[in-house]
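Peer 1: below are the sequence and a predicted model; questions follow.
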Amino acid sequence: MSDYFSPYDADRPLMLKCSCGKDHTLADHHAAVAADSAALELRRRSQTAEFEAYSNAFIEATLVKALFPQDEVRRRFLRAVGKGTAMAAIASVLPVGTMQAMAQDAGKKPGTLEKTNLKIGFIPITCATPLIMAHPLGFYSKEGLSVEVVKTAGWALIRDKMINKEYDATHFLSPMPLAISMGVGSNPVPMNVATIQNTNGQAITLANKHKDKRDPRMWKGFKFAVPFEFSMHNFLLRYYVAEAGLNPDTDIQIRVVPPPEMVANLRAGNIDGYLGPDPFNQRAVYEEIGFLHLLTKELWNGHPCCAFGTSTEFIQKNPNTFAALYRSVLTAAAMARDPKNRELIAKVIAPQAYLNQPETVISQVLTGRFADGLGNIKTVPDRADFDPIPWQSMAVWMLTQMKRWGYVKGDINYKQIAEKVFLLTDAKKHMKELGQPTPEGAYPKFKIMGKEFDAAKADAYAKGFPINKMS
């Protein structure tokens, strides 16, 4: 994967080398020592009531160390916002009371973990925010897991590494586990969606030269990129242009392009636009080469995009480990849903190990206050959300689009496949255990571009579009 987008670094101040041999100030050295000492003491005494006697300063130092393990990133953060603001922001994400409760609860989770060293794949996009932030914020380690989150070049590689058991769990596009389980586009291997990682959070981005072509009926001959065939991006783009009277298989070209390469292809003129994930929609605006034609929430508000999942075999062999992963990701999702945490989360996931993007770009996406490339500053608080519920009616809609566009042939038992792959009951169970609000039902209805979708009438819905590949 090409690494076009290295985030800018602030100039480092001139510093004397510390006696420990590292290039930092004596004050930084003392802070690091205090943080390390606090972390060791926290681990040693986390299962006892003595934890409550620890000073807030020690806890703060530990949190800063955990959030920003790289010395220079930590220094830049503290210089940029000041210690007082930093501590207030961190306290809003991991308050002292929460840390105390975490320590007191340590070791109380039922069941011995079958596997503790895990590899989890991810694509560097904001859709993966809960899965990513669970790593630096310590949610995996809190559950006794030693997790390596592995940045991956593209979705085909994610699929292959899951099929080959190189990854234990992964960031999926939510239609992918359906396709893999059915053997569509690969050998059939049963996969499961544990949670939806994000809802909304996508956009149609067009090159600046097309600012006078906002009507999709004018897009005949356009070349578009999507991240993968079995993606909400592909299905929503097809749906949108078909509603405008264009056949997505004959009137436009749709190419698969890994998300980190979309901006470069737009700049080079290889594509006219893309329906892709953030931060790459906002990055095109930041680079002044594209504009946001629309946010996908305007097509389907609350639509699913990415998911967190693993193989059915992994779940069967490692039920306690899977439960620990569930708790980690659900805890992160709950935090990510709170708007007051978004600015700090942007700082946490911006570094090179994760998204490798300018913090301002990620912040615009997560806070929903952004430039649209057309001269406007917009405020859309739910531009991106992180509702984890894997509704089975969402899975049925995805299956109708696979049927509509010829990815699957013949009759489909929509309900059976949806309930086998999307683990709604498990998600609700773990959310209840964590004290998170849990909605009722399994098959809510949705509106896509004003048309109601009822999963109970899935086959008629798929056949009811004038533009499709079923006839």
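Peer 2: Done, it's in.
Peer 1: quick one: list the elements packing against the helix or strand hosting I180.
Peer 2: Taking DSSP states H and E as the criterion, I180 maps to helix 176-182. When contacts are defined as 3 or more Cβ pairs under 8 Å, 6 or more residues apart in numbering; DSSP states H and E, helix 176-182 packs onto helix 155-163, strand 191-196, strand 306-311, helix 392-404, helix 414-421. Any C-beta I mention is one placed from the backbone N, CA and C, and that applies to glycine too.
Peer 1: other residues contacting stretch 323-333?
Peer 2: Residues outside stretch 323-333 that contact it (Cβ atoms under 8 Å, 6 or more residues apart in numbering) are 109, 111, 113, 118, 129-131, 133-134, 137, 139-140, 142-145, 147, 169, 194-195, 197, 308, 310, 386-388, 426-427, 430-431, 433-434, 436.
Peer 1: what about M398, how many residues nearby?
Peer 2: Close neighbours of M398, defined as other Cβ atoms under 10 Å, add up to 27.
Peer 1: ok, it touching M232?
Peer 2: Yes. At 7.4 Å, M398 counts as touching M232 under the criterion of Cβ atoms under 8 Å.
Peer 1: find residues that contact each of these two.
Peer 2: In contact with both M398 and M232: S174, P175, using Cβ under 8 Å, 6+ apart.
Peer 1: can you redo the helices and strands packed on helix 176-182 as TSV with distance to I180 and mean pLDDT?
Peer 2: Output for those, formatted as TSV (distance: least, Cβ to Cβ, whole Å; pLDDT from 0 to 100):
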stretch	distance to I180	mean pLDDT
helix 155-163	6	98
strand 191-196	5	98
strand 306-311	9	98
helix 392-404	12	98
helix 414-421	9	98
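Peer 1: let's check: the centremost residue of the chain is which one?
Peer 2: The residue lying closest to the centre of the chain (Cα atoms, centre = their mean) is A128, at 1.7 Å.
Peer 1: for the helices and strands packed on helix 176-182, give me JSON lines that also has distance to D278.
Peer 2: Formatted as JSON lines, these follow (distance: least, Cβ to Cβ, whole Å):
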{"stretch": "helix 155-163", "distance to D278": "16"}
{"stretch": "strand 191-196", "distance to D278": "16"}
{"stretch": "strand 306-311", "distance to D278": "11"}
{"stretch": "helix 392-404", "distance to D278": "20"}
{"stretch": "helix 414-421", "distance to D278": "26"}
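Peer 1: among these, which is nearest A242?
Peer 2: With Cβ to Cβ as the measure, helix 392-404 is the member of these nearest A242 (8.9 Å).
Peer 1: can you name every helix or strand that the closest one contacts?
Peer 2: Using 3+ Cβ pairs under 8 Å, 6+ apart: helix 392-404 touches helix 176-182, helix 232-243, helix 414-421, strand 446-448, strand 451-453, helix 458-463.
Peer 1: now, the contacts of stretch 323-333 that are in helices?
Peer 2: Among those, DSSP state H puts T129, P130, L131, M133, F139, Y140, K142, D426, A427, H430, M431, E433 in helices.
Peer 1: and the residue nearest to the fifth one when sequence neighbours are not counted, which of the three is it?
Peer 2: Read that as F139. Nearest in space to F139, with sequence neighbours left out and distances taken as Cβ to Cβ, 6 or more residues apart in numbering, is S328 at 4.3 Å. Three-state assignment for S328 (DSSP: H, G, I helix; E, B strand; the rest coil): helix.
Peer 1: I'd like to know how many residues surround S328.
Peer 2: Using other Cβ under 10 Å, S328 has 25 other residues around it.
Peer 1: gap between it and G111?
Peer 2: Separation of S328 from G111 (Cβ to Cβ, to the nearest Å) stands at 15 Å.
Peer 1: try V408
Peer 2: In terms of Cβ to Cβ, V408 sits 37 Å off from G111.
Peer 1: who has more neighbours, these two?
Peer 2: The residue with more neighbours, out of V408 and G111, is V408; 18 against 10, by other Cβ under 10 Å.
Peer 1: which residues does the more buried one contact?
Peer 2: Neighbouring residues of V408 by Cβ under 8 Å, 6+ apart: M182, V184, L399, M402.
Peer 1: same check on K463?
Peer 2: Counting by Cβ under 8 Å, 6+ apart, K463 has contacts M470.
Peer 1: and what of the one 4 residues further on?
Peer 2: Contacts were defined as Cβ under 8 Å, 6+ apart; by that measure I467 touches A242, G245, L246, N247, P248.
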